[in-house]
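>>> Structural data only, the sequence is not supplied:
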């Protein structure tokens, strides 16, 4: 997962919940497990090293709506309504997992499939260095 450390995103290894092969192949279950990891407060060692998380416990993720691409995820709020640091943590954590598409892009939208367009996000070096750009980095899915 990616946590904040002095206003940057850094990868941190955390004990992931046990998954079998079927669970590992279900992106929504993986997305939910990773989101739970991001919502956990830093361990004593992580906190001592200066790590924090901006992902609040009210954030939820669901699978694609009826006409969405298979790899799309819907949040319970529009992605741009999240704190930029939290969105960056989510995007970068999901980017190198089966949750992302084959080009490591993450497709996110808000809860209302009719009103909330999907956007594609990429975890770039720039985003890891400046997570505040995440909120404005989404590209509308055609």
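Cool, the structure landed. None of these values were measured; they are calculated from a predicted model. Numbering: from 1, shown residues only.

>>> quick one: the nearest residue to residue 89 once chain neighbours are set aside and residue 54, what's the gap?
Nearest non-adjacent residue to residue 89, counting by Cβ to Cβ, 6 or more residues apart in numbering: residue 2, 5.0 Å away. All C-beta spots, glycine's among them, are computed from the backbone N, C-alpha and C. For residue 2, the distance to residue 54 equals 10 Å [Cβ to Cβ, to the nearest Å].

>>> So those two - more neighbours on which side?
More crowded of residue 2 and residue 54, by other Cβ atoms under 10 Å: residue 2, with 27 against 19.

>>> picking up where we left off before, and the residue nearest to residue 89, bridged to which residues?
Applying DSSP bridges to residue 2 gives these bridge partners: residue 11.

>>> pretty sure it contacts residue 87?
No: contact criterion Cβ atoms under 8 Å: residue 2 and residue 87 do not qualify, at 11.2 Å.

>>> give the contact list for residue 88.
Contacts of residue 88 were listed using Cβ atoms under 8 Å, 6 or more residues apart in numbering, and they are 2, 9, 123, 127-128, 131-134.

>>> hmm, which of those residues are the buried ones?
Those of the contacts of residue 88 that meet the buried threshold are 2, 9, 123, 127, 131, 134, by 16 or more other Cβ atoms under 10 Å.

>>> Need the residues you listed in CSV (columns: distance to residue 35).
Listed next are those as CSV, based on distance: Cβ to Cβ, whole Å:
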residue, distance to residue 35
2, 12
9, 16
123, 15
127, 18
131, 17
134, 15
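
>>> out of the residues you listed, what pair is the most spread apart?
2 and 134 (11.0 Å; Cβ to Cβ).

>>> Could I get the average pLDDT for stretch 4-14?
Summarised as a single mean, pLDDT over stretch 4-14 is 93.
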